[in-house]
Structures are given as C-alpha cells and as structure tokens.
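Visitor: Here's my sequence, what's the structure:
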Amino acid sequence: MTKLFRRKVLKFFVYALIVFSAYIIQTTPGLFDFFGIAPFIVLPACICIAVFEGEFAGGLFGFFFGLFCDSTSETVFGFNALVFLVFCVMAGLATIYLFRRSTMNIMLLCLGAVFFRSALEYFFGFILYGYENLAPFFYTEIAPQIVLTSIFSLPFCLLFRWLHKKFEPEETKE
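Guide: Model (predicted):
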C-alpha cells in the first residue's frame, strides 16, 4: 500500500465517522431539538463531502447515508437514498464546473438541497394524498427544519474544508 492510498483510506474513514456521528445526533430523540423541531443534518454533511471530494465520492456517501436515513424516516424506503445521491452528485459537479468552493456557495447548495428534499417529501407525503389545511404544517414544521438544517451546514463546511486540506498530499498543496 502506498502512502497516498493509506492517506485516502484514512480520510474517507474519518469522513464516514463524522457523517455517522451526524446520523446518530440526528436520530437521537431530544438532542438538538428546538421547540420540537430537529434539524436534518446528514444531508449537509454529504453535500460538503461531495463539494470537497467530487461527485463520485459524494454520491456514494449520499447513497449509503441516505439508506441510513431511510431506516429511521417515515418516507418510502429508498427515497432519501435516491434524493441524497442525486443532490450530492449535482453538488459535486456544480463545484467542478460552475462554482467556487466558497463557504457561501456551499451553504447555498446545502440550503437548496434541504429545501428541495423537504419539498419533495411534503409533496409526495401530504399533497399527493389530498390532505387539507397543510399550509400551517409547512410553516410550523418544515420551514423551521429547513432553516435549522441550513444553520448546521456552516460547521460541516468548515470542518470538511479543514479535513480536506489536512489530508491533501504535500505535492498538490498550493
């Protein structure tokens, strides 16, 4: 095993531990609940991995940790895995071809991904079945969850940026 390969394995192992810890924090009842609303923090962590490591690594992390989130969510099994996969690949490709890796761009990508994920869940879980009086539910449950989740994207952005620089090989550092 070369030194570069060991460094990559260690880097992705640390990434997996961080995202798994975020999953544990997300699914622990009462932890980081604000007025009964818990943030959805695994998706911003996977988006940050996609931004710093590319679309393939981000897509893999998104898919596998989406399956973890599917095991505890009230959606159809596979919904989060598919949504995480698509958004992580899109975020990785967007930072390669369209955006710089600035903190503001990463936070906006996370906000957009969380918003569209919540909108898809809201549409396929509630509107499609014809429930009535859903506007108060959106404003009191889903919108605050989107805001809380986007706030938690900043620490992940800074952490994964630091880890990416820490594990980058010496010959490729600028």
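
Visitor: Low-confidence regions, the protein specifically.
Guide: The model of the chain has pLDDT under 70 over residues 1, 169-174.

Visitor: need the contact list for the most centrally placed residue in it.
Guide: Closest to where the C-alpha atoms of the chain average out (CA atoms, centre = their mean) is residue 43, at 1.7 Å. Residue 43 sits next to 62, 84, 87, 110, 113-114, 117, 149 when contact means CB atoms under 8 Å, 6 or more residues apart in numbering. Backbone N, C-alpha and C define where each C-beta goes, glycine included.

Visitor: can you do 10 Å?
Guide: 22, 26, 62, 65-66, 69, 80, 83-84, 87-88, 110, 113-114, 117-118, 149, 152-153, 156 (CB atoms under 10 Å, 6 or more residues apart in numbering).

Visitor: Quick check, residue 114 in contact with residue 156.
Guide: No - counting by CB atoms under 10 Å, no contact exists between residue 114 and residue 156, whose distance comes to 12.0 Å.

Visitor: Against residue 125, how distant is residue 7?
Guide: Counting by CB to CB, to the nearest Å, the separation of residue 7 from residue 125 is 42 Å.

Visitor: just residue 2 next, same as before
Guide: For residue 2, the distance to residue 125 equals 48 Å [CB to CB].

Visitor: Who has more neighbours out of the two?
Guide: Between residue 2 and residue 125, counted using other CB atoms under 10 Å, residue 125 has the larger neighbour count: 14 against 7.

Visitor: Quick check: end-to-end length of stretch 70-80?
Guide: End-to-end distance for stretch 70-80: 6 Å, by CA to CA, to the nearest Å.

Visitor: Oops, could you answer that again for stretch 62-82 instead?
Guide: End residues of stretch 62-82 are separated by 8 Å (CA to CA).

Visitor: Other residues contacting it?
Guide: Applying CB under 10 Å, 6+ apart, the contact partners of stretch 62-82 are 16, 19-20, 22-24, 26-27, 40, 42-43, 45-47, 49-50, 55, 83-92, 113, 117, 120-121, 124-125.

Visitor: give me that answer again for 8 Å
Guide: 19-20, 23, 26-27, 40, 42-43, 45-47, 50, 83-85, 87-89, 117, 120-121, 124-125.

Visitor: which of the residues you listed are buried?
Guide: By neighbour count, with 16 or more other CB atoms under 10 Å, these hold 19, 23, 26, 40, 42-43, 45-47, 50, 83-85, 87-89, 117, 121 as buried.
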